[in-house]
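K.L.:
Give me a model of this one.
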Amino acid sequence: KIKVFGVEMKDTLLRDDFFLINPYSNNPRIIFRLSNSLDVQLASLQLILGKAKIDGSRLEFIDLRFDKPVLKFTPKESNGKR
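P.N.:
As a prediction, this is how the structure comes out:
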C-alpha cells in the first residue's frame, strides 16, 4: 500500500514493535507501530504526504508510532537574499 503514495522502498527494518521504511530519493523515512492499526496509520500517512506536497514541504521522517504523528521537515534552502 505504501507504493500507492509514491514511496519506493530502498530497505526496511522489522523489530518486535515497529516497522521502519528507508525510501529512495527525496521520500521521508517512515516508522509504523505494529501493535496499532495499520489502516489508521496509512490514512494518517496519506494525509501527511498530501499536505506536504501541497505546501511544498520536504519531510525527513514520519513517525506514526504515537497518537499524534511526529514529523521532521528538511530545512528550506536559503537563496542568499535578506
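K.L.:
Can you name every helix or strand that the helix or strand encompassing Ile48 contacts?
P.N.:
Take DSSP states H and E as the rule and Ile48 turns out to sit in helix 38-55. With contacts defined as 3 or more CB pairs under 8 Å, 6 or more residues apart in numbering; DSSP states H and E, helix 38-55 has these neighbours: strand 29-33, strand 59-63. All C-beta spots, glycine's among them, are computed from the backbone N, C-alpha and C.
K.L.:
Please convert these to TSV, extending it with mean pLDDT, mean neighbour count and distance to Phe19.
P.N.:
Formatted as TSV, those follow (pLDDT from 0 to 100; neighbours: other CB atoms under 10 Å; distance: least, CB to CB, whole Å):
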stretch	mean pLDDT	mean neighbour count	distance to Phe19
strand 29-33	96	20	5
strand 59-63	96	17	12
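K.L.:
how about the ones you listed, which one is nearest Leu47?
P.N.:
With CB to CB as the measure, strand 59-63 is the member of the helices and strands packed on helix 38-55 nearest Leu47 (10.7 Å).
K.L.:
Next, the angle from the closest one to helix 38-55.
P.N.:
Counting by axes from the mean of the first three to the mean of the last three CA atoms, to 10 degrees, strand 59-63 points 160 degrees away from the direction of helix 38-55.
K.L.:
got the contact list for strand 59-63?
P.N.:
28-31, 45, 48-49, 52, 69-74 (CB atoms under 8 Å, 6 or more residues apart in numbering).
K.L.:
Pretty sure Ile21 sits against Leu42.
P.N.:
No: between Ile21 and Leu42 there is no contact, the gap being 11.8 Å when judged by CB atoms under 8 Å.
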